[in-house]
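**Q** just the structure for this:
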Amino acid sequence: MSPTLAAGDHILVTTYRGDEPARGDVVVFNAPNGSGLAVKRVIGVPGDLIQSRSGKVVIGGHTFAEPYIRSRAQSGQIAPQLVPAGHLFVMGDNREDSFDSRHWGPLPAARVVGRARMILWSSAIKDASLANAAHATSVTDAVGRARSARRGRVFKWIE
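**A** Here you go, the predicted structure:
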């Protein structure tokens with residue numbers, strides 16, 4: 001779900017009460033392959049005709065605006081399909097490295113646990129975080145920059 005979420009982010013999840021997941025929501029659900037919980041973004045809701053053209057998501061003949069992805073032409077091939085009742089079409093924001101509805105089909109809405117609302121804190125600084133600390137002059141400087149970047153994620157709303 002990068003760049004929206006990063007490894008080590010601890011998130012607040014709320015259940016849906018009286019409403020249903022909407023296009024654009026980031027949802028937590030029981031993964032179809034039984035591997036535990038997963039987090040993806042709702043792209044299509046029941047009744048949507050979804051497909052891709054030139055790597056962009058098209059819903060009902062209109063290109064779907066996705067300001068949260070890094071590169072526009074990354075959605076891969078989505079064959080035209082109608083999202084069935086009681087299902088959602090979900091995709092990760094990191095499209096080139098996401099196992100999602102493009103692979104296993106529409107997600108039964110009953111698998112949704114809730115909506116990801118906020119990053120409460122972020123931890124687990126790893127070597128990957130150090131690689132993102134551009135312009136570091138030393139390892140100590142790199143660790144400091146990585147920690148600072150993690151602090152910037154605290155209490156961040158998920159959009």
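**Q** helices and strands of the chain: which one has the lowest mean pLDDT?
**A** Least confident helix or strand, the chain: helix 127-131 with a mean of 45, by mean pLDDT, DSSP states H and E.
**Q** what about the longest strand along the chain, average pLDDT?
**A** Looking across the chain with DSSP state E, the single longest strand is strand 112-122. In this model, strand 112-122 has a mean pLDDT of 94.
**Q** also stretch 67-78?
**A** On average, stretch 67-78 scores 76.
**Q** ditto for stretch 1-18
**A** 90.
**Q** can you map out the strands along the chain?
**A** 9-14, 26-30, 37-44, 49-53, 56-59, 62-63, 81-82, 87-91, 107-108, 112-122, 156-157.
**Q** residue contacts, A79?
**A** Q51 (Cβ atoms under 8 Å, 6 or more residues apart in numbering). Just so you know, the C-beta spots here come from the backbone N, C-alpha and C atoms, and that holds for glycine as well.
**Q** cool, G18 as well?
**A** G18 neighbours (Cβ under 8 Å, 6+ apart): none.
**Q** got the phi and psi for it?
**A** phi 80, psi -10 (degrees, to the nearest 10).
**Q** burial count for G36?
**A** By the measure other Cβ atoms under 10 Å, the count of residues near G36 is 7.
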